[in-house]
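A.B. asks: sequence first, then the predicted structure, then my questions.
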Amino acid sequence: MRQQLHAEWTKLRTMPGTGRLLLAVVALTVALSAAATATVSCPPAGCDHDTVKLSLFGVQLGQAIVAVLAVLAITDEYSTGMIRTTLAATPRRATVLAAKAAVLTGLTLAAGTLAVLTSVLAGRLILPGNGFIPAHGQPPLSLADGPTLRAAAGSVLYLALVALLSLGIAVAVRDSAAAIGTVLGLLYLFPIVILMVSDPGWQRLLWQISPMNAGLTVQATTHLSGLPLSPWAGLGVLAAWAVAALLGGGLSLRLRDAG
């Protein structure tokens, strides 16, 4: 397995655009998070904003770049024909997918951690200037606070799970445009479809199985009792999507030829 991990690390590291995409994950996540915190204010009478979730708002954009990176990590091999060499060197296809998933997860966790920590820091610096101060019932953001730490760590895990979901879909689809479209549709169009459903019961059910809606509940730190899912349960829904995608992609990789 060590050789496969090294091979996948070398391929992903040398793939055109990997560095730029990882940088974009960090830059866009932080930029949107900072913009979100800069647009809200808290009057002296107090306010009801979830400042932690606001400071992590950019994850909703960063996930799109993570998805693109994950898709290209496998479809680039199909487009160049390198996948034949990979599978000839490692006939056990499950091992290839596992090694690729491990390397991709490691890179995503690294970039996600930097993006999330910087976003929280930006929120800590920006929010007090907009009235989010202890005198208004809004203490500064701190990772020493349990819910804040859970939201931050959960956001990093969320990005890693989006990467695995995207990788699984890309292995099955094998086409960059189709795979990216499928992943972004699941993440961004699914919530729009939910808004078009009038029945409250169905709307709640669809919300609970939506990869993005459910997964991002891990960022919530206020009014948790009003959420359709608890934070960790919501992240578990996204994990189930990722596992299903990887299993489906792995089965496709095993049953289909390398062409």
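C.D. replies: Yes, it's here.
A.B. asks: list the buried residues for stretch 51-61?
C.D. replies: 51, 52, 53, 54, 55, 56, 57, 58, 59, 60 (16 or more other CB atoms under 10 Å). The C-beta positions use only the backbone N, C-alpha and C, and glycine is treated the same way.
A.B. asks: reformat those as CSV; add distance to residue 82, pLDDT and secondary structure.
C.D. replies: Supplementary listing: these in CSV, determined by distance: CB to CB, whole Å; pLDDT from 0 to 100; DSSP: H, G, I helix; E, B strand; the rest coil:
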residue, distance to residue 82, pLDDT, secondary structure
51, 46, 94, helix
52, 42, 96, helix
53, 41, 96, helix
54, 43, 95, helix
55, 40, 97, helix
56, 36, 98, coil
57, 37, 97, coil
58, 33, 97, coil
59, 31, 98, helix
60, 33, 97, helix
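A.B. asks: of those, closest to residue 139?
C.D. replies: residue 51 (9.1 Å; CB to CB).
A.B. asks: so for the lowest-mean-pLDDT helix or strand in the chain, what gets flagged as buried?
C.D. replies: When each helix and strand of the chain is scored by mean pLDDT, DSSP states H and E, helix 82-89 comes last, with a mean of 74. Using 16+ other CB under 10 Å as the test for burial, helix 82-89 gives 83, 86, 87.
A.B. asks: ok, the last one touching residue 93?
C.D. replies: Yes. Residue 87 lies in contact with residue 93 (CB atoms under 8 Å); the separation is 6.3 Å.
A.B. asks: relative orientation of the host helix or strand of residue 123 and helix 82-89 in degrees?
C.D. replies: Taking DSSP states H and E as the definition, one finds residue 123 inside helix 93-126. Angle, helix 93-126 to helix 82-89, by axes from the mean of the first three to the mean of the last three CA atoms, to 10 degrees: 120 degrees.
A.B. asks: enumerate the positions of helix 93-126 that are buried.
C.D. replies: 93, 96-101, 103-105, 107-108, 111-116, 118-124, 126.
A.B. asks: now swap in stretch 217-232 and tell me
C.D. replies: Here stretch 217-232 shows 217, 218, 219, 220, 221, 227, 228, 229, 231 as buried, counting by 16+ other CB under 10 Å.
A.B. asks: now swap in stretch 189-207 and tell me
C.D. replies: 190, 191, 194, 203, 206, 207.
A.B. asks: can I get it in CSV, CA atoms only?
C.D. replies: C-alpha atoms of stretch 189-207 as CSV (Å, rounded to 0.1, in the frame of the first residue of the first chain):
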residue,chain,number,x,y,z
LEU,A,189,-29.4,22.4,-6.8
PHE,A,190,-30.8,19.9,-4.2
PRO,A,191,-31.5,22.7,-1.7
ILE,A,192,-33.3,24.7,-4.4
VAL,A,193,-35.5,21.7,-5.3
ILE,A,194,-36.4,21.4,-1.6
LEU,A,195,-37.7,25.0,-1.6
MET,A,196,-40.0,24.1,-4.5
VAL,A,197,-41.7,21.3,-2.4
SER,A,198,-44.8,22.6,-0.7
ASP,A,199,-45.5,19.6,1.6
PRO,A,200,-43.7,20.3,5.0
GLY,A,201,-43.2,16.6,5.7
TRP,A,202,-41.5,16.0,2.3
GLN,A,203,-39.6,19.2,2.6
ARG,A,204,-38.2,18.1,6.0
LEU,A,205,-37.3,14.7,4.7
LEU,A,206,-35.5,16.1,1.6
TRP,A,207,-33.6,18.5,3.9
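A.B. asks: nothing else from me, thank you.
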